[in-house]
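Enquirer: structure for this input, please:
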Amino acid sequence: MTAEDFGELDDIGFLREAALFEDMPEAVIRTIVTQGETLEFGTGELVVKKGDPGNSLFVVKIGVVEVVNPADGPPLAYLGRGDSFGEMALLTSSDRSADVRVPQHAELLVIDRALFEDLMTNHPGFASQLAVILAHRLVTVLEDLPEHESKKELQGDLQYFDLATVVQTLISSSQSGVMTLSSDKELVAQLYFQNGNVFRAEYGHRRGDEAVHHLFQSEPSGEFLFESKGADSVADGPDPGITVPAMALMMDSVRLQDELQLLIADLPKDTTLIQRNADSLEWADDEGQADARQVWGCLHSPITVRQLLDRAHSCHYHTARILTRLLQTEQVKPAIA
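Expert: Numbering: from 1, shown residues only. Okay, the predicted model is just below:
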């Protein structure tokens, strides 16, 4: 078997993984493999530009692309291996509705208008299957139903991706699987998704809501990888520390990220030593009491503000709020050098 034969088999397997083509007749698949074109794109390259004519559809073969509003703001969504875009523009002869850009590197299978029209005309199975897929998408939009069957493969370097949009993409597409963050091949954090909900979360010694909050407050660097799995095999059981639905958790995390800098600005410098100034903790509120006790325990001997933020089980925002209150009530104070 030649290298060309192996390449053709790889393309056939890849198309069978794509939602748009997985149930297409064999003749359609082979026509696409022999007549379609694979293009490579590098960091920051535009695949399509908003307002341009929609003369082709694309299927992501390797890497990730991002859907972007040309105005300022984070990406609207990420598309990974097997995801397609551009079908509606071809069918309706409309212009592109958004920019699609490559954050890092990608290979895309391109089906131009001539090939698309040939498939529509000469392969009835293509037209009927496309109609079923687009009708399903319409029902999903109208009834706000999750597409449980879709699976995503997302991977890349965090310097090229907006982490919040990656997580929102997994939530909105009802994914089940595990997203792993690593730096220099060392595990940093893991988020477990089940049907679009964050099922478990681990970031160092932090768990649950606090792990998710901290993920966006610490701005981790390194690599991320999302691997799709069946909902039943995501994790052993739900994380008792996850207390709200995924989208509410995301919105709260982004809000706390914005507010953290205001809190930090009012605290002593990172290198300032903090020590206890009372014999025991006074914290009447039930809310935050467990976290306050853990922070108090960290202060059994003087430590810096930075050390306290990093050692606490709560995220930086909640730890900073606790420290602010302890300073205001004079239960702790900066240590005298």
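
Enquirer: now tell me what touches stretch 319-331 from outside.
Expert: Residues outside stretch 319-331 that contact it (Cβ atoms under 8 Å, 6 or more residues apart in numbering): 260, 263-264, 266-267, 274, 276-278, 281-282, 288, 291-292, 295-296, 305, 308-309, 312, 314, 332-333. Just so you know, the C-beta spots here come from the backbone N, C-alpha and C atoms, and that holds for glycine as well.

Enquirer: what about the most centrally placed residue in the chain, which SS state?
Expert: For the chain, the residue sitting closest to the mean C-alpha position, by Cα atoms, centre = their mean, is Val166 at 2.0 Å. Reducing the assignment at Val166 to three states with DSSP: H, G, I helix; E, B strand; the rest coil gives helix.

Enquirer: could you check the pLDDT of it?
Expert: At Val166, the model reports a pLDDT of 91.

Enquirer: the contacts of stretch 319-331 in strands, which ones?
Expert: Ile274, Arg276, Val332, Lys333 (DSSP state E).

Enquirer: hang on, isn't Val332 packed against Thr272?
Expert: No - the pair Val332 / Thr272 is not scored as a contact, 11.1 Å apart, by Cβ atoms under 8 Å.

Enquirer: low-confidence ranges in the stretch 151-300 of the chain?
Expert: In the predicted model of the stretch 151-300 of the chain, residues 151, 230-235 satisfy pLDDT under 70.

Enquirer: strands of that one, start to end?
Expert: Taking DSSP state E, counting those that start in this stretch as the test, the strands found in the stretch 151-300 of the chain are 154-157, 177-183, 186-194, 197-203, 206-207, 223-228, 273-276.

Enquirer: most tightly surrounded among these?
Expert: The highest mean neighbour count among the strands of the stretch 151-300 of the chain, using mean count of other Cβ atoms under 10 Å, belongs to strand 197-203: a mean of 22.

Enquirer: what separates it from the chain centre, distance-wise?
Expert: The chain centroid and the centroid of strand 197-203 are separated by 13 Å, computed with Cα atoms, centre = their mean, to the nearest Å.

Enquirer: tell me the helices and strands packed up against it.
Expert: In this structure, strand 197-203 makes packing contacts with strand 186-194, helix 208-217, helix 246-266, judged by 3 or more Cβ pairs under 8 Å, 6 or more residues apart in numbering; DSSP states H and E.
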